[in-house]
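Engineer: show me the folded form of this:
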Amino acid sequence: YICTYIHIYNNIYVFIRCAILGKMDNWNARKISKSGVRTHRIQRLNLINKRIFFEEENRFIKMKVSAKGLKTIKKYGLAYCIKKFNLDFSKKKYDAGYSSRRRKKKTQELNQTNSERTNVTNENTQQSVEEVDKIMDKLNLDDKKIHKDL
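Structural biologist: Numbers count the residues shown, from 1 in each chain. A predicted model of the protein is given here:
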């Protein structure tokens with residue numbers, strides 16, 4: 001259904017389509033000269049390469065969209081258009097990366113968890129040092145006595 005490029009390859013035409021609406025070029029148009037001679041012409045679709053943020057999956061999608069398709073997305077939202085027109089943007093060719101906003105949040109969360117871990121390890125080391133001191137006091141062992149025996 002969605003074909004993204006026109007190529008004239010071995011006299012085979014692959015048509016451009018809007019990724020949302022499915023519209024394509026008008027190949028039946030004619031030019032009429034002053035003398036009335038009609039010649040064939042193609043009315044091209046107003047296609048735009050666009051990178052649009054898909055909020056549900058928290059990522060960007062790249063696609064070729066007509067100007068009218070872009071207006072439809074702006075009016076109803078990308079999720080609605082995908083459901084209504086039964087589109088599948090899970091393929092790798094539509095992937096345009098993840099939002100930098102998401103990366104910032106992840107790095108902030110990682111920094112918070114790392115700081116919490118360091119706090120916990122510092123508390124654990126302090127507790128272990130205190131426990132060792134208590135054990136040494138119970139056994140009445142000093143460093144001086146141990147060194148004298150050796």
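Engineer: from now on I want contacts and neighbour counts done on CA atoms only, so please keep to that.
Structural biologist: Fine.
Engineer: which residues of this structure fall in helices?
Structural biologist: Read by DSSP state H, the chain holds these helices, from start to end of the chain: 67-76, 78-84, 100-139, 143-149.
Engineer: least confident of those helices, on average?
Structural biologist: Across those, the stretch with the lowest average pLDDT is helix 143-149; it has a mean of 53.
Engineer: and the pLDDT at Thr53?
Structural biologist: Quick fix: residue 53 is Phe, not Thr. Listed pLDDT for Phe53 reads 88.
Engineer: where's Ser35 relative to Arg41, distance?
Structural biologist: Noted for Ser35: a distance of 17 Å to Arg41, by C-alpha to C-alpha, to the nearest Å.
Engineer: in terms of neighbours, single out the busier of those two.
Structural biologist: Applying other C-alpha atoms under 10 Å to Ser35 and Arg41 shows that Arg41 carries more neighbours, namely 13 against 6.
Engineer: show me what the more buried one is bridged to.
Structural biologist: Ala29 (DSSP bridges).
Engineer: and the gap between it and Ile32?
Structural biologist: Using C-alpha to C-alpha, we find Arg41 at a distance of 10 Å from Ile32.
Engineer: what's the answer for Phe53, then?
Structural biologist: Using C-alpha to C-alpha, Phe53 is found at 43 Å from Ile32.
Engineer: higher neighbour count, the two?
Structural biologist: Remark: of Phe53 and Ile32, Phe53 carries more neighbours, 17 against 12, as counted by other C-alpha under 10 Å.
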